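> one predicted model, sequence on top.
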Number of protein chains: 2
Amino acid sequence: MYLPEGKKARRQRAIVSELGLSPTVRTSDLARRLGVSVETVRRDIEELTQQGLVSRTYGGAAGRQLGLQPAYQEREALAVEERDAIAAKAVGLVKAGDVLMIDSGSTTARFAHALARAAIRVTVITNCFAVAQALAMNDAARVIFCPGDVSGREGGVYGSETCAFLKGFYADVTFIGASGLTVDGPTDVETGATWVKRGMIDRAERQVLLLDSSKFGRRHLERICPLDGLSDLVTDRKPDGALGERIAAGPTALHV
Amino acid sequence: MYLPEGKKARRQRAIVSELGLSPTVRTSDLARRLGVSVETVRRDIEELTQQGLVSRTYGGAAGRQLGLQPAYQEREALAVEERDAIAAKAVGLVKAGDVLMIDSGSTTARFAHALARAAIRVTVITNCFAVAQALAMNDAARVIFCPGDVSGREGGVYGSETCAFLKGFYADVTFIGASGLTVDGPTDVETGATWVKRGMIDRAERQVLLLDSSKFGRRHLERICPLDGLSDLVTDRKPDGALGERIAAGPTALHV
DNA sequence: ACGTTTTAGAGGAAAGTACCACATTATTAG
DNA sequence: CTAATAATGTGGTACTTTCCTCTAAAACGT
């Protein structure tokens, strides 16, 4: 229609499109609907999986969920235990009736799930689809979503609209994630995300950083805030060396 | 911890929680991780499916995607063909460079997918997760998401924040769905959704209603707008009787 | 403490998938 | 037009899951 691509490409687009509407499709169904053999569909799914467009399942394929990073599988598999422990610990910092701001990120998404399980009555302001999804099912939580430009890669919204929106609220606690943490403070790779994190930090009484220990000492493009700008750090291991000392000396409470 | 529920409930919550993080889980994996038999997990998934919390798949379960109605399966299966045809037709109303507002709903979600496939350069303002997800992968589209209260059931955001946000924009075309259409105009069941639809209609030059023919003549709680308030109606069959005459006589263009 | 109900596990037949190697059919390039 | 290459279909085996019934154990109320 638009590009004279082969029928293979069209078929694969049809699969991805189908996946956007129902969370899961079965290989046999697709084969029937597309008028090709099961083997062909399997090979298509194989390719799409390698491109990261769908994720393969037993009887077929599942669509990438909005809010889950593409490389989620590997990135996450390594530190599931640690992150769950961090998430559980962080839930302890939440009281009934609190207003929370929750940043985008895989660790914060885990935290949102733990929070949903705990069924504490809270109001959550977030820019992250995964967080919204985690808490949406829960009647105990009211979720306010931020406006902004949708980033499929990050699974959230960013930009000036997002930052401006945050200024209209005041929260008890902000929970953020980061890609790295040094004595200078937490750092991240994405500029857009960094501004949102700063915005959330500014509008809350307490600022909690959720971080697994593999991020210690890693420095990235942008610093989010000074180390003293955080009221709490929740992690899975006590940081060593200069970072450990600096935290011990500073105002930031450490939760392991 | 919070409620002394049985281990069954805890197990099922663990499943739902797991599903929030990875788009799909396998029965056998869950059985191993939870330390129970496969049969037990299958029964759990069965129950959760009936509650609409997860959707069952061949080898396990998939998480409900944010933006897909719970009863999606049945509601959609009936009219997939019709809706795709409607969606394809509606894409024809879009020009490169247009600014669009897209409402939440299953038909509009289909439309968003068709739009993504067409790869037309557009800016889209939406309050619907499914729409955002459909277009997020597409580099051709810039997607601006509205703020508001998250409704897990509807798969979008609603409320005064949403309506206020819409007032800050002006679009070339608005695409909305509805639960019913009578000579008085389109109607819907949800009050919150209705206000958002109205807001989108007010801020656009053209107002397009996407509707499959099964909705003709059905009236619901709230009227969205008068019939004359719509510039276009895209559907799969010419409406008969009074409704058909009324449309032919009015200013609304009919696309079949 | 007792009996009832709920919940979990075992086993086996039936069905559906995966996976592999090879044949066949488009598609493309020269 | 023909040869090379990519894409697709076929057949058969091994594996996984489903689904059923029945039994064991745990939880529950009285």
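Cool, got the structure.

> ok, the residue of chain A found nearest DNA strand C - how many residues close by?
Closest approach between chain A and DNA strand C, counting by CB to the nearest atom of the strand: A:Ser28, at 3.6 Å. From N, CA and C alone the C-beta is placed, and that goes for glycine too. Neighbourhood size, A:Ser28 [other CB atoms under 10 Å in any protein chain shown]: 13.

> helix, strand or coil for it?
At A:Ser28, secondary structure determined by DSSP: H, G, I helix; E, B strand; the rest coil is helix.

> what residues are up against it?
A:Val38, A:Gly59, A:Gly60 (CB atoms under 8 Å, 6 or more residues apart in numbering or on different chains).

> my guess is the last one contacts B:Gly60. True?
No: when contacts are counted by CB atoms under 8 Å, A:Gly60 is not listed as touching B:Gly60 (11.5 Å).

> before we move on, the earlier item: so which of the contacts of A:Ser28 are in helices?
Using DSSP state H, the members of the contacts of A:Ser28 that fall within helices are A:Val38.

> list of residues touching stretch A:245-256?
Stretch A:245-256 is contacted by residues A:89-90, A:92-93, A:183, A:227-228, A:230-239 when judged by CB under 8 Å, 6+ apart.

> any of the residues you listed buried? List them.
By neighbour count, with 16 or more other CB atoms under 10 Å in any protein chain shown, the contacts of stretch A:245-256 hold A:89-90, A:93, A:183, A:227, A:230-236, A:239 as buried.

> among these, which are in strands?
Counted as lying in strands by DSSP state E, out of the buried ones among the contacts of stretch A:245-256, are A:Asp232, A:Leu233, A:Val234.

> centroid-wise, who is the farthest residue in chain A?
A:Gly35 (37.7 Å; CA atoms, centre = their mean).

> over to that residue: give its phi and psi.
The phi/psi pair for A:Gly35 (degrees, to the nearest 10) reads phi 70, psi 30.

> so it versus chain B, what's the distance?
15 Å (CB to the nearest CB, to the nearest Å).

> which bits of the stretch 151-256 of chain A sit near chain B?
Within the stretch 151-256 of chain A, the positions near chain B by CB under 8 Å from any CB of the partner chain are A:Ser151, A:Gly152, A:Val157, A:Glu161, A:Phe165.

> quick one: residues contacting the first one.
By CB under 8 Å, 6+ apart, the contact set of A:Ser151 is A:Val157, A:Tyr158, A:Gly192, B:Ala136.

> these two touch, right, the second one and A:Thr194?
No: with contact defined as CB under 8 Å, A:Tyr158 and A:Thr194 do not form a contacting pair (9.4 Å).

> re the thing from before, between the ones in strands among the buried ones among the contacts of stretch A:245-256, which is closest to DNA strand D?
Nearest to DNA strand D among those is A:Val234, at 32.6 Å by CB to the nearest atom of the strand.

> who does the closest one bridge with?
Note on A:Val234: beta-bridge partners by DSSP bridges are A:Leu210, A:His255.

> so it touches A:Gln207, yeah?
No: checked against CB under 8 Å, the pair A:Val234 and A:Gln207 is beyond contact range at 11.4 Å.

> helices along the stretch 101-250 of chain A, start to end?
In the stretch 101-250 of chain A, the helices defined using DSSP state H, counting those that start in this stretch lie at A:106-118, A:129-136, A:160-166, A:191-202, A:241-249.

> tell me the average confidence for the fourth one?
Helix A:191-202 shows an average pLDDT of 95 in the prediction.

> ok, the first one next?
Mean per-residue pLDDT for helix A:106-118: 85.

> about what we covered before: most neighbours among the contacts of A:Ser151, which one?
Counting neighbours by other CB under 10 Å, the top entry in the contacts of A:Ser151 is A:Val157, with 28 neighbours.
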